[in-house]
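here's my sequence, what's the structure:
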Amino acid sequence: MSAPQISLEVSLSQFLSENLEIVFKNLDPREQWTEVGAGAQGTVYKTSYFGTQVAIKLSSNINADNSAPIVQEIKMLKSLRHPKLVEFMGFSLDPTNKICIVTEFLGGGSLFELLHKPAQSLTWRDNLLQYAIDICEGMAYMHAQTPQILHRDLKSPNILITENGTTAKIADFGFARMYAEVMSTRGTPRWMAPEVLSGNSEYTEKVDVFSFGIVLWEMCTRAIPYDDVVEIV
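Okay, the predicted model is just below:
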């Protein structure tokens, strides 16, 4: 049984307005957005909202194939509130009907960037131990929900650091699913648990624990996981 698709017979605007409460209509003009990253589901920009820096994930063109993951991420973000998870602030629709997911902006970059830039001087005593604890606390909160929430794509690029460098937060919930649902093969292979790679239809929170173990290995070695293996698409 696959994840339910969002019917496009009902307009995306109508679906969102019926299922979500927070709408941003006062973001800075598009020409003031600064691109800070891109992924499979869209592009991330930095801008401001009434003087507060925010991150905006602008979805790819909405169609029957890619609308469900974006809406899933919005619904998931709306339900989660924890200091070690990136804070969801709202959503909007741009004039071309693309969804803008608005979250807090973390100016410290991703853990992946910090680990693999030679100029960075991360140590376990100064920051890495705290980052590991932060990730554990965020995961524990997700796994303690009823029904349980699995991230399914935990990896160093999805761990964002605050601008002052003191705190790590888990981001990007596009692949997250309630454990009560039937699972599918989602995530990034370099950090993915064997039972997910093998295509097992159901699995537990241990898949996130495995991915966290890969992140810990990455933090210890400063190497990219399975760097000699061709990425699976």
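
where does pLDDT dip in the chain?
Along the chain, segments meeting pLDDT under 70 span 1-26, 39-41, 60-70, 73, 93-97, 119, 174-187, 200-201, 229-233.

how's it carved up into domains?
12-104, 111-221 (automatic domain parsing).

so what's the residue nearest the centre of the chain closest to, chain neighbours aside?
The structure's the chain has its C-alpha centroid closest to residue 172; by CA atoms, centre = their mean the separation is 0.6 Å. Nearest residue to residue 172 in three dimensions, chain neighbours excluded: residue 158, at 4.4 Å (CB to CB, 6 or more residues apart in numbering). Quick note: C-beta positions are derived from backbone N, CA and C, even for glycine.

same thing with residue 132?
Once flanking residues are discounted, residue 132 sits nearest to residue 216: 6.4 Å by CB to CB, 6+ apart.

same question for residue 166.
In space, residue 166 is closest to residue 130, 7.1 Å off (CB to CB, 6+ apart).

look up how far residue 109 lies from the one you found.
Counting by CB to CB, to the nearest Å, the separation of residue 130 from residue 109 is 16 Å.

hmm, who's touching the helix or strand hosting residue 220?
Secondary structure from DSSP states H and E places residue 220 in helix 206-221. Contacts with helix 206-221, where a contact means CB atoms under 8 Å, 6 or more residues apart in numbering, come from 111-112, 115, 122, 128, 131-132, 135-136, 139, 142-143, 150-156, 159, 187, 190-196, 224-225.

what subset of these is buried?
For these, burial is judged from neighbour counts taken by 16 or more other CB atoms under 10 Å, and it is met by 111-112, 115, 122, 128, 131-132, 135, 139, 142-143, 150-156, 159, 187, 190-193, 195-196, 225.

buried stuff in stretch 38-50?
For stretch 38-50, burial by neighbour count (16+ other CB under 10 Å) applies to 41-47, 49.

also stretch 100-117?
For stretch 100-117, burial by neighbour count (16+ other CB under 10 Å) applies to 100-106, 108-112, 114-115.

what does stretch 196-209 give?
By 16+ other CB under 10 Å, the buried positions in stretch 196-209 come out as 196, 203, 205, 207-208.

and that stretch, end to end?
This stretch, stretch 196-209, spans 13 Å end to end (CA to CA, to the nearest Å).

tally of neighbours for residue 34?
8 (other CB atoms under 10 Å).

please name the bridge partners of it.
Going by DSSP bridges, residue 34 is paired in beta bridges with residue 46.

residues touching it, list them.
Counting by CB under 8 Å, 6+ apart, residue 34 touches 45-47.

then residue 31?
Applying CB under 8 Å, 6+ apart, no residues qualify as near residue 31.

also residue 45?
33-36, 55-56, 58.

just to revisit the earlier point, between the buried residues of stretch 100-117, which is closest to residue 166?
Proximity of the buried residues of stretch 100-117 to residue 166 (CB to CB) peaks at residue 108, which lies at 8.8 Å.

which residue packs closest to the closest one, ignoring adjacent ones?
Using CB to CB, 6+ apart, the closest residue to residue 108 is residue 161 (3.2 Å).
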